[in-house]
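**Student:** just to be clear, the model below is a prediction. Sequence and coordinates:
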Amino acid sequence: MSVREKTQTAVHSPLSPDELPDIAILLMVGAAETPGLPPTRRLIFIGDELEIGRSPSEGAAARGAALAVVDPLVSSEHARIVRVSRGGFELSDLGSKNGTLADNARVEGRVRLRNGAPVFFGNHVALFRMVSALELEAIKTELVSPPGPVATTSPTLAVACGRLTRLPGAAGGVPTLGGTGGGR
C-alpha cells in the first residue's frame, strides 16, 4: 500500500467543475538551515519550466524559470521541472552531487510528479502542487496570515480555512456536524 493510499482528507474540494487546478507551484516547506522561510520565499511558480540550483543557467534565469537556492548541498545546476503535458510535469536531476528525491525515491532520469509529491534537494523540502486560481489566492493569504501556528500546504484546506475565517462576521448560527464532541 502506498503512502497516498493511506492518506485521507476530511475536507472536500471547494472547486466548481469548471475551475481546473492548472497552475503548477512549489510550496517550500522549509530547510534544515533556515526552517522559517518568509512567505515571499515559500511560494514558487513553475510555469513551463523551473531550474533549481545555487546558480541556475543564465538562460533559465533570463526566462524567469530559475530558483536560486543558497545551500552548500545544492549543486550549481541541481534539478529541473518541465511541463510535458497539460497538468503533467516531470522532474530530472541535472547530475547533482547529492541527488534529488521525489516521493522519497532518488530521481534517476525523469520522473513524473504527482500532485502533492514531496521534493527534496540539498537541505530543502518542497511540495509540488497543481492548484486553481481560487486555491492559489487562498494559499497566498494563508502564507501571510495563517489561522493557526503554521500555514497549510493543502490547497483545499487553505480555501476552506479562508471561508471559515469569514464566518464570525456572518449573521445567524453556524451548524457544526461531526461525531460526539465534534462541536465543542
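**Tutor:** That came through, no problem. Numbering: from 1, shown residues only.

**Student:** in this structure, which spans are strands?
**Tutor:** Secondary structure of the chain by DSSP state E: the strands cover 23-31, 43-45, 49-53, 66-68, 79-85, 88-93, 100-102, 105-106, 110-113, 118-121, 124-131.

**Student:** turn the ones you listed into a markdown table, columns for mean neighbour count.
**Tutor:** In short, each C-beta sits where N, CA and C put it, glycine included. Formatted as a markdown table, the strands of the chain follow (neighbours: other CB atoms under 10 Å):
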| stretch | mean neighbour count |
| --- | --- |
| strand 23-31 | 20 |
| strand 43-45 | 15 |
| strand 49-53 | 23 |
| strand 66-68 | 20 |
| strand 79-85 | 18 |
| strand 88-93 | 19 |
| strand 100-102 | 22 |
| strand 105-106 | 10 |
| strand 110-113 | 18 |
| strand 118-121 | 21 |
| strand 124-131 | 21 |
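
**Student:** nearest to residue 145, of those?
**Tutor:** Nearest to residue 145, of all the strands of the chain, is strand 43-45, at 13.9 Å by CB to CB.

**Student:** what separates the most centrally placed residue in the chain from residue 118, distance-wise?
**Tutor:** With distances taken as CA atoms, centre = their mean, the chain has residue 27 as the residue nearest its mean C-alpha position (3.2 Å). From residue 27 across to residue 118, the span is 10 Å (CB to CB, to the nearest Å).

**Student:** what's the overlap in contacts for those two?
**Tutor:** 126-127 (CB atoms under 8 Å, 6 or more residues apart in numbering).

**Student:** residue 90 and residue 114 touch, don't they?
**Tutor:** No. Using CB atoms under 8 Å, residue 90 makes no contact with residue 114, being 11.1 Å away.

**Student:** where does the protein dip in pLDDT?
**Tutor:** 1-18, 34-40, 166-178, 181-184 (pLDDT under 70).

**Student:** quick one: the helices in it?
**Tutor:** Assigned by DSSP state H, the helices in the chain fall at 3-6, 58-62, 133-144, 155-165.
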